[in-house]
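[1] sequence-free structure coming up:
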């Protein structure tokens, strides 16, 4: 998809989901992955241990139980403006799929509006995780910052291993203070925009600009590559940070955990 230059609310609302859908297509393209894309749904499976790598999205009036039976491992069911019916979130919970992040703000920001001075808070260095050792460290940061089980981080490392740790379709980022790793993030170019995911800071390093740096440095890189907008799905903590960096809410994105 070409770079998005239409930054109207309608276009940005669509891009918030389209970036996510593009990410799922890349995940499904991993060796051993599977993609099913129809008018009714977008489904991806890899067999990797994280539900991020097995899921269904953009569903349109599909039977919940029938779709759920297609998975043999935990998966996420994502909903947003392009999903139907309107009460799908309630139906998923009623079917026994617990809330795994309901009504997260879908936000976007024009890259032309980046405050360059805030992009590099003093003392915080942000760099890509370039190899297997860097990704192993990224995984440890992921678990420490988000309180996630090891399997959640391991899936990203195993995905990179399937690609030989070369030419990954996404970029993993590490933040350091005085050389000490303190945070992580992930960026992905798709749907015409740059998407920011998994941004987190170790508890001991919070309120020192780490989250801001992990958000803004990938945005600057995307701007250098010609992109005009960034999107993300805010966590409760991020709802306070991202508006200060110029992000505005355009929609709500939910996910539910199935297969458990």
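    Received, thanks. The model shown is predicted, which means the values in this text are computed figures rather than measured ones. Numbering: from 1, shown residues only.
[2] pLDDT value on residue 120, please?
    At residue 120 the predicted local confidence, pLDDT, stands at 71.
[3] make sure it is actually in contact with residue 213.
    Yes. The pair formed by residue 120 and residue 213 meets the contact definition of C-beta atoms under 8 Å, at 6.4 Å. From N, CA and C alone the C-beta is placed, and that goes for glycine too.
[4] any residues in contact with both of the two?
    The contact sets of residue 120 and residue 213 overlap at residue 126 (C-beta atoms under 8 Å, 6 or more residues apart in numbering).
[5] who has more neighbours out of the two?
    Set side by side, residue 120 and residue 213 show more neighbours around residue 213, with 28 against 16, by other C-beta atoms under 10 Å.
[6] wait, the more buried one sits on residue 121?
    Yes. Counting by C-beta under 8 Å, residue 121 is a contact partner of residue 213 at 5.3 Å.
[7] show me the helices in this protein, by range?
    9-28, 64-68, 88-94, 116-119, 132-146, 150-162, 210-224, 238-241 (DSSP state H).
[8] winner for burial among those?
    Highest mean neighbour count among the helices of the chain (mean count of other C-beta atoms under 10 Å): helix 210-224, with a mean of 22.
[9] so what touches that one?
    With contact meaning C-beta under 8 Å, 6+ apart, helix 210-224 is reached by 109, 111-112, 114-116, 118-121, 124-126, 171, 173, 175, 177, 182-185, 187, 189, 194, 196, 199-201, 230, 232, 238, 241-242, 245.
[10] filter the residues you listed down to the buried ones, PyMOL style.
    Selection of buried members from those for PyMOL, criterion 16 or more other C-beta atoms under 10 Å:
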select buried, resi 109+111+114+119+120+121+124+126+171+173+175+177+182+183+184+185+187+189+194+196+199+200+201+230+232+238+242+245
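[11] out of the contacts of helix 210-224, list just those in strands.
    Using DSSP state E, 109, 124-126, 171, 173, 175, 177, 182-185, 187, 189, 194, 196, 199-201, 230, 232 are the members of those that sit in strands.
[12] OK, contacts around residue 49?
    For residue 49, the contact set (C-beta under 8 Å, 6+ apart) comprises 73, 151, 152, 154, 155, 158.
[13] tell me the pLDDT of it.
    Looking at residue 49, the pLDDT reads 85.
[14] ok, and the closest non-adjacent residue to it?
    residue 151 (4.1 Å; C-beta to C-beta, 6 or more residues apart in numbering).
[15] and the helices of the chain, which one's lowest on average pLDDT?
    The weakest mean pLDDT among the helices of the chain belongs to helix 116-119, with a mean of 69.
[16] kindly state the beta-bridge partners for the residue most central in space within the chain.
    Among the residues of the chain, the one closest to the centroid is residue 197, at 3.3 Å (C-alpha atoms, centre = their mean). Beta-bridge partners recorded for residue 197 (DSSP bridges): residue 186.
[17] equivalent analysis for residue 109, please.
    residue 230.
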